[in-house]
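Student: prediction below, plus the sequence it came from.
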Amino acid sequence: DVTQSQKSELLNEFFRDVPALVAVALYENGKEGASVCDAGKLNAAGLSRHDIQKYRRKVALPMERIAAGEVFVENSTLSERLPALTLALAHRIAGRTRAAVVTGIIRLDSLLRLSSRSGVFEVFVVDRSGTLLAHPDAGRVARRDSIALPPEAATLQSEHSAGIALEYDQGGAGMIGGFASLDYGGLIAVAQIPKSAAYLASRDLLNRLLFAALGLLVATALAGLFWSRRFTRPVEQLSGATRVIARGQFDVQVQVTSSDEIGTLAASFNRMASELRVREAALQEAHARILQSEKLAAVGQLGAGIAHEVKNPLAGILGCAQLSLRKAERGTPLEKNLLLIEKETKRCRTIIDNLLRFARQEKTVLEPIEVNRVVEDAIAIVSHQLELQQVKIRKQLALDLPMVRGHADQLQQVLMNLMINAQDAMEGSPGTVTITTALSDADRIEVRVTDTGPGIPKEIQGKLFEPFFTTKPRGKGTGLGLAVTYGIVKDHGGEIRLHSEPGHGATFIITLPLVRSDEGSKTASSGAGPQGPEADPAAKTA
C-alpha cells in the first residue's frame, strides 16, 4: 500500500513541476486520501485551504467516469483574483485494480493573457456545459458566465470532429466563428469576430486559434509529463547503473523509490550488484592464492636444484673444518676461524635442508591423528627454550575432538615454527604464547597460535609466506620457516591465515580437515595407534 508520506511526496512533486498549480488532491475509492495547497497563492487571492475544501465538497466529481479514463475539466474560480480550473484524471497504482483519481486546481493566468491578445477577435474557451474557462473579460470567467454555442458547435464532442467554422447570430449581430474541439475534458476553443471585421482579421483569427490550441496542448503535455517522469526516471537510473557494472564497478546501488514493478526491478538489481561484488572479491582472492602457489612451486624447483648441487661440497667443507679443529691448538686464531667456519657451514646446511624440505616432491602420507597430542608434543620440545626467553605457553585445548588427516611430525614442525617465531618477535621481553584447538565447523578443526608480541604491520602481512622473506635481523632468519609451514598445511588440505593488528600481537589460524568415517573404521580395525610411527623428540629439536 502507498503510505501517507508517499502520497504527499507524489503531490508535492506536481507542485515542483507545474508552477501554475494552486491545489492538488488524491482520491481513492471516492474518498480524499491526501491533498496539498499553495498557501501563498491562496492568501494572495484572499482565500484559504478551507475555501478549497468547501468547493470540493460542493462539486461532485464523476469519479466512476474519471476512474474509467475520462478527463474532467471545470471552471473552479473562487475569487476574481484567482481564476482557475479543475483538472481531474485517473492514475494507476501498481497492485490495485481500481485507479486513483488526481485532481488539480490550476491558475488560468496564461489562458487569460492569451485570450486578451487580439483587439478584433474574441477568443475564449468553454467547457462541455458552455461555462467560460478563458475569456478576454476576466470578470466573466470569475462569475462563471455561460455562452450559448450554435447547435453545430455543441455537437463537436459527440461527433469527434476536429473543428468547424460557422456563421451565426449572437445578440442580433452577425458573427463568424471558428470552433475547435480539444482531445479531452469536452473543452471547445472559440474564436469569433463580427462579419463586418471578419475579412479584415482572418489571418489574425487563424493565429489566435493556433495560440489557443498551442496553450492547451502545452497544458496537456505538462499533465502527461507528470506521469512519464515517474516512470522514465527510475529506468534511466537502472540504465546508468547497468553501464557502471559493465565497466567492472560492482559497488553501485539504485535507489528504490516505489513498490511497483520498477521498484522490484531496482531491488533485484541491487541484490545482483551485491552478489557480483562478493563473487569478484572471492575471485580475486582465489587468483592471489593461485599466484602464491605458482610462485612457491617455482622457488621450490629452483631451490631443490641449487640445494642438491651445494649440499655435497658443503659437507666436504664441514668435514675438513671439523678434522682441522682436532689438530688446532686451543685459543689460537686458527681455532677461532675454524669454529666460525663450522658454525656458518652448519647454518648453510640448515638452510639447504629447509630448501629441500620446501621443495619436496614426494606425496605426504596422511594418517588419522589427534591434534591435541600433536600440540602437546610440540610444546614439550620448545617449552624450555621459550621459558629461557621469559615466554610462557598457555593451552586451551578442546576435549573429545575428532581425528584429522595429517602427518604428526610435519604438523609438529608447523607449530614449533610458529611458537619460535612468536618468541623471536618478543625480542627477549616477557610474553605469552597461547595455543587453542576447537571444532570450527562440521568437517574441520581449527588451531590458533596467538602471541602478545608487537604485531605485524599490514603492509608486509601479504609477504610473510613468501620464500626468503624475513623480518628478523640479518644472519638470524632464513626466510623459509613460514614458507615451509604454508606448504605443509596446504599438503594437508588445510588453510593458514593471519590476523594481526600492530601493537596487539598476532594470531595464526590453521584449519585441518577431519578424518572421513571410512578412514576411521579402517584405522580402528588395523589396531594402529592414532599417532602413527613414534617420533624422536631429539631429532625434532635438531
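Tutor: Cool, the structure landed. Residues are numbered from 1 along each chain as shown.

Student: what segments of the stretch 151-300 of the chain are helices?
Tutor: Per DSSP state H, counting those that start in this stretch, the stretch 151-300 of the chain carries helices over the ranges 151-154, 156-159, 195-198, 202-246, 261-327.

Student: now the ones you listed in TSV, with distance to Ala45 and mean pLDDT?
Tutor: In short, each C-beta sits where N, CA and C put it, glycine included. Listed next are the helices of the stretch 151-300 of the chain as TSV, based on distance: least, C-beta to C-beta, whole Å; pLDDT from 0 to 100:
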stretch	distance to Ala45	mean pLDDT
helix 151-154	32	73
helix 156-159	31	62
helix 195-198	35	70
helix 202-246	20	74
helix 261-327	38	76
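
Student: looking at these, which is nearest to Leu133?
Tutor: Leu133 lies closest to helix 202-246 among the helices of the stretch 151-300 of the chain, at 9.7 Å (C-beta to C-beta).

Student: show me how far the closest one is from its chain's centre.
Tutor: Its chain's C-alpha centre lies 33 Å from the corresponding centre of helix 202-246 when counted by C-alpha atoms, centre = their mean, to the nearest Å.

Student: name the helices or strands packed onto that helix?
Tutor: Contacts defined by 3 or more C-beta pairs under 8 Å, 6 or more residues apart in numbering; DSSP states H and E place helix 202-246 against helix 4-17, strand 84-91, helix 109-115, strand 122-126, strand 173-181, strand 188-194, helix 261-327.

Student: mean neighbour count, the ones you listed: which tops it?
Tutor: Comparing those by mean neighbour count (mean count of other C-beta atoms under 10 Å), strand 122-126 comes out on top with a mean of 24.

Student: what about Gln385, how many residues close to it?
Tutor: Counted with other C-beta atoms under 10 Å, the neighbours of Gln385 add up to 14.

Student: ditto for Gln53
Tutor: A count of nearby residues for Gln53, using other C-beta under 10 Å, gives 15.

Student: start the count at 38, not 1, going forward
Tutor: Taking 38 as the first residue, the last one we looked at is Gln90.

Student: then whichever helix or strand it is part of to PDB, C-alphas only?
Tutor: Assigned by DSSP states H and E, Gln90 belongs to helix 86-95. Only the C-alpha atoms of helix 86-95 are listed here, as PDB (Å, rounded to 0.1, in the frame of the first residue of the first chain):
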ATOM      1  CA  ARG A  86      -7.500  25.900   2.500                       C
ATOM      2  CA  HIS A  87     -11.000  25.900   4.000                       C
ATOM      3  CA  ASP A  88     -12.300  27.600   0.800                       C
ATOM      4  CA  ILE A  89     -10.700  24.800  -1.300                       C
ATOM      5  CA  GLN A  90     -12.200  22.100   0.800                       C
ATOM      6  CA  LYS A  91     -15.600  23.800   0.700                       C
ATOM      7  CA  TYR A  92     -15.500  23.900  -3.100                       C
ATOM      8  CA  ARG A  93     -14.600  20.300  -3.300                       C
ATOM      9  CA  ARG A  94     -17.500  19.300  -1.100                       C
ATOM     10  CA  LYS A  95     -19.800  21.400  -3.200                       C
END
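
Student: just checking, what packs against it?
Tutor: Using 3+ C-beta pairs under 8 Å, 6+ apart: helix 86-95 touches strand 58-65, strand 68-74, helix 76-81.

Student: any idea how far the helix or strand just after that helix is from the chain center?
Tutor: Under the assignment DSSP H and E, the closest C-terminal helix or strand after helix 86-95 is helix 100-104. In terms of C-alpha atoms, centre = their mean, the centre of helix 100-104 is found 43 Å from the chain centre.

Student: following helix 100-104, which helix or strand comes up?
Tutor: Beyond helix 100-104 on the C-terminal side, the first helix or strand identified by DSSP H and E is strand 109-112.

Student: got JSON lines for the helices of the stretch 188-337 of the chain, with distance to Asp461 too?
Tutor: Formatted as JSON lines, the helices of the stretch 188-337 of the chain follow (distance: least, C-beta to C-beta, whole Å):
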{"stretch": "helix 188-191", "distance to Asp461": "104"}
{"stretch": "helix 193-196", "distance to Asp461": "97"}
{"stretch": "helix 232-235", "distance to Asp461": "110"}
{"stretch": "helix 239-283", "distance to Asp461": "48"}
{"stretch": "helix 298-364", "distance to Asp461": "22"}
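
Student: of these, which approaches Gly211 most closely?
Tutor: Taking these one by one with C-beta to C-beta, helix 232-235 is closest: 4.2 Å.

Student: circling back: got TSV for the helices and strands packed on helix 239-283, with distance to Ala179 too?
Tutor: Below are these laid out as TSV (distance: least, C-beta to C-beta, whole Å):
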stretch	distance to Ala179
helix 41-54	24
strand 121-128	10
helix 146-152	10
strand 159-163	14
strand 210-218	23
strand 225-231	19
helix 298-364	43
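
Student: got the phi/psi numbers for Leu476?
Tutor: phi -90, psi 110 (degrees, to the nearest 10).

Student: residues touching it, list them.
Tutor: 435, 438-439, 482-483 (C-beta atoms under 8 Å, 6 or more residues apart in numbering).

Student: again with Leu355
Tutor: 379, 382-383, 386.

Student: among the residues you listed, who's most crowded?
Tutor: Ranking the contacts of Leu355 using other C-beta under 10 Å puts Thr382 first, with 19 neighbours.

Student: in space, what's closest to that residue - neighbours in sequence excluded?
Tutor: Leu355 (4.4 Å; C-beta to C-beta, 6 or more residues apart in numbering).

Student: ok, now Ser113?
Tutor: Thr123 is the one closest to Ser113 (C-beta to C-beta, 6+ apart), at 4.1 Å.

Student: now do Ala105
Tutor: Closest to Ala105 by C-beta to C-beta, 6+ apart is Ala127, at 7.4 Å.

Student: so what sits opposite that neighbour in the bridge?
Tutor: Val138 (DSSP bridges).

Student: tell me the pLDDT at it?
Tutor: You'll see Ala127 listed with a pLDDT of 80.

Student: and it, how far is that from Ala258?
Tutor: Counting by C-beta to C-beta, to the nearest Å, the separation of Ala127 from Ala258 is 18 Å.

Student: for Thr294, same thing?
Tutor: Taken as C-beta to C-beta, the span from Thr294 to Ala258 is 24 Å.

Student: of the two, who's got more company?
Tutor: It is Thr294, of Thr294 and Ala258, that has more neighbours when counted by other C-beta under 10 Å, with 15 against 10.

Student: surely the more buried one meets Pro271?
Tutor: Yes: between Thr294 and Pro271 there is a contact under C-beta atoms under 8 Å: 6.6 Å.

Student: got the contact list for the closest residue to Leu98 other than its chain neighbours?
Tutor: Leaving aside its chain neighbours, Leu98 sits nearest to Ala125 (5.7 Å; criterion: C-beta to C-beta, 6+ apart). The contact partners of Ala125, by C-beta under 8 Å, 6+ apart, come to 98, 103, 108-110, 138-141.
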